[in-house]
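S.K.: fold the stuff below for me.
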Amino acid sequence: MSKKIAVIVGSIRKNSYSLQLAQNLIGLLPEGYQAEFVQIDQLPLYNQDYDSAGSPDQYTAFRDQIRSADAVLFVTPEHNRSFPAALKNALDIGSRPYGQSVWNGKPALVVSQSPGNLSGALASNHLRQVLSFLNMPLVGQPEAYIAGFNKLLGEDGKITNQDTLQFLQSVINTFVQLIQRYS
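M.R.: Next up is the predicted model:
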């Protein structure tokens, strides 16, 4: 049976490093796992008034996409020692209306990256706190923070460092095990 992985990229910049990392990660998924990118850049800011007055079409489409997924892969940069606002907005939209969270019980993997040495570790840790509250089983180990990511890419956008690829494969393998455990 095929498993569907929703892929959410925290950066909304075109061809961002996070998007390139996500593309490399989905290339490591085994047969029977399909990835679907879920766009967050078109989502209006969450407003609780929509919960009773009718949600925007973008909210409904987003929630349906997440609801239909078996698991979620989050790939994010770090913005001001946290994850980006667009990603927080998406998490809020998916968690509402109260009691109808589309995140509940979905296995998740968080991978962060940065051109710098901190590798998005603080963004990852902050995101993991929120996902834990949303009742998403998370890959605990190995943690995946990729420093100097811009130096790991070839001109075709593929990761060229074999040690990094081996590490990311181990991360994906652990994610697949988590998904199987919760299937």
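S.K.: secondary structure element for the residue most central in space within the chain?
M.R.: In the chain, the residue lying closest to the centroid (C-alpha atoms, centre = their mean) is Phe74, at 1.0 Å. Following DSSP states H and E, one finds Phe74 within strand 71-76.
S.K.: what lies in contact with that strand?
M.R.: 3-11, 18-19, 21-22, 25-26, 35, 66, 83-84, 87, 103, 106-113, 120, 123-124, 127, 131, 136, 175, 178-179, 182 (C-beta atoms under 8 Å, 6 or more residues apart in numbering). C-beta coordinates here come from the backbone N, C-alpha and C atoms, glycine included.
S.K.: just these: which are in helices?
M.R.: 18-19, 21-22, 25-26, 66, 87, 123-124, 127, 131, 175, 178-179 (DSSP state H).
S.K.: relative to Tyr46, which of those is nearest.
M.R.: Leu87 (12.0 Å; C-beta to C-beta).
S.K.: against Ser18, how distant is the closest one?
M.R.: From Leu87 across to Ser18, the span is 10 Å (C-beta to C-beta, to the nearest Å).
S.K.: cool, Val7 as well?
M.R.: 10 Å.
S.K.: cool, Glu31 as well?
M.R.: 25 Å.
S.K.: any of the contacts of strand 71-76 buried? List them.
M.R.: For the contacts of strand 71-76, a neighbour count by 16 or more other C-beta atoms under 10 Å gives the buried set as 3, 5-11, 18-19, 21-22, 25-26, 35, 66, 83-84, 87, 103, 106-113, 120, 123-124, 127, 131, 136, 175, 178-179.
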